[in-house]
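Engineer: I'd like to go over a predicted model; first the sequence, then the structure.
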Amino acid sequence: MSLLIIGAVLAILVYIPAFWVRRAMGKYSQEMPELSGTGGELALHLIKRYKLDGITVEETDPQRDHFDPEARVVRLSPTNYHGKSLTAVAVAAHEVGHAIQFHRKEKIFELRKRYLPTATVLNKVGVAIMFSLPIIGFVLRSPIAIGAIIAVSLLLQLGGALAYLIILPEEWDASFNKALPILVEGEYVDDEHLPAIRNVLKAAALTYFAAALANVLNVGRWFMILRR
C-alpha cells in the first residue's frame, strides 16, 4: 500500500508541469480583438523586422508549434496562427526567438540541433520496443533475452528524457532573452498583460521539460507493470 501511495504522489508531481503548461496555454487563449494582429501576422512582422532572410511562417497541426531549422519555417498551430490572443502572440514570439537563435548562429541553438532529434528518436524507439514486447516474447521465449530487451527499452526512454532536459536552457533563452524583450520593447502588448505573457512564455519554455518528466513517469509505469 505504501508503494502505491508513493507511486501516486510521484505521478502527481511528475504531471504537475505538464498540467500547468496546458493550463497556462489555455487560460490566455481567449480572443482579444484589440490586439494589432494574429500570431501568424506577428511572426511574419518580426521576421521582416529582424531581417531573418529565408525564414517563413506557416500553419501546422494543433499543439505542434515549433521552428524547423531544416525547412527554415516557423510553424504555428491553427489557434496561434489565426488567433488574436495573448497565447498566440507569446507563442509566435517564442518560436521567432528560435528563428533568431538560428539566424544568428548562436551556440545555444546547437542544443536543439544536437539533442532534440536524439530525444525524439530515443523515446519513440524505446516505446516501440516496449509495445512490441508481447510479439518479441512469443518469438524468443527466453526470460533473459526478454529482460535484456526490456532494459534496452527503459534505457532508451530515460536517455530521451535526459536529452529533453538538456534543451531547457535554449528554450528559456527563446522565451526570456528573445521573445519577452521583443514584445516589451516593441510595445506589442500592454503592460497590464505582461504577467500573462510571462506565464505563457514560461509554459512554452517548459514544454520539453514537461515531456521529459512524462517520459520518466512512463519508464516507471512500465517498470511497475513488468514487476507484476
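Structural biologist: Yes, it's here.

Engineer: buried stuff in stretch 160-180?
Structural biologist: Across stretch 160-180, burial judged by 16 or more other Cβ atoms under 10 Å covers 160-168, 170-176, 178-180. Placement of C-beta: from N, CA and C, glycine included.

Engineer: over to stretch 187-199?
Structural biologist: Judged by neighbour count using 16+ other Cβ under 10 Å, the buried positions of stretch 187-199 are 188-189, 193, 196-199.

Engineer: now the helix or strand hosting Leu44: mean pLDDT?
Structural biologist: Take DSSP states H and E as the rule and Leu44 turns out to sit in helix 39-49. In this model, helix 39-49 has an average pLDDT of 98.

Engineer: contacts for the next helix-or-strand element following it next, please.
Structural biologist: The helix or strand immediately downstream of helix 39-49 is strand 56-59, counting by DSSP H and E. If you take Cβ atoms under 8 Å, 6 or more residues apart in numbering as the criterion, strand 56-59 is touched by 40, 43-44, 47, 72-78, 81-82.

Engineer: equivalent analysis for stretch 198-212, please.
Structural biologist: For stretch 198-212, contacts defined as Cβ under 8 Å, 6+ apart pick out 17-18, 20-21, 24-25, 27-28, 65, 86-87, 90-91, 93-94, 116, 119, 160-162, 164-165, 167-168, 171-172, 174-176, 179-180.

Engineer: which stretches of this protein have low pLDDT?
Structural biologist: 1-14, 215-216, 218-228 (pLDDT under 70).

Engineer: so where do the helices sit in it?
Structural biologist: Assigned by DSSP state H, the helices in the chain fall at 2-27, 39-49, 78-82, 86-103, 110-131, 133-140, 143-166, 168-173, 180-185, 194-205, 207-227.

Engineer: could I get the ones you listed as JSON lines with distance to Val57?
Structural biologist: Shown next, in JSON lines, are the helices of the chain (distance: least, Cβ to Cβ, whole Å):
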{"stretch": "helix 2-27", "distance to Val57": "19"}
{"stretch": "helix 39-49", "distance to Val57": "5"}
{"stretch": "helix 78-82", "distance to Val57": "8"}
{"stretch": "helix 86-103", "distance to Val57": "8"}
{"stretch": "helix 110-131", "distance to Val57": "18"}
{"stretch": "helix 133-140", "distance to Val57": "42"}
{"stretch": "helix 143-166", "distance to Val57": "25"}
{"stretch": "helix 168-173", "distance to Val57": "19"}
{"stretch": "helix 180-185", "distance to Val57": "15"}
{"stretch": "helix 194-205", "distance to Val57": "16"}
{"stretch": "helix 207-227", "distance to Val57": "19"}
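
Engineer: which one of these lies closest to Asp61?
Structural biologist: Ranking these by proximity to Asp61 (Cβ to Cβ) places helix 78-82 first, at 8.1 Å.

Engineer: that closest one: which residues count as buried?
Structural biologist: Using 16+ other Cβ under 10 Å as the test for burial, helix 78-82 gives 79-81.

Engineer: can you tell me what sits against it?
Structural biologist: Residues from elsewhere that reach helix 78-82 (Cβ under 8 Å, 6+ apart): 29, 38-40, 57-60, 62, 65, 85, 87-88, 91-92.

Engineer: how about that helix as PDB, C-alpha atoms only?
Structural biologist: C-alpha atoms of helix 78-82 as PDB (Å, rounded to 0.1, in the frame of the first residue of the first chain):
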ATOM      1  CA  PRO A  78      -4.200  26.900 -36.100                       C
ATOM      2  CA  THR A  79      -5.300  28.700 -32.900                       C
ATOM      3  CA  ASN A  80      -2.000  30.500 -32.600                       C
ATOM      4  CA  TYR A  81      -1.600  31.200 -36.400                       C
ATOM      5  CA  HIS A  82      -5.100  32.700 -36.800                       C
END
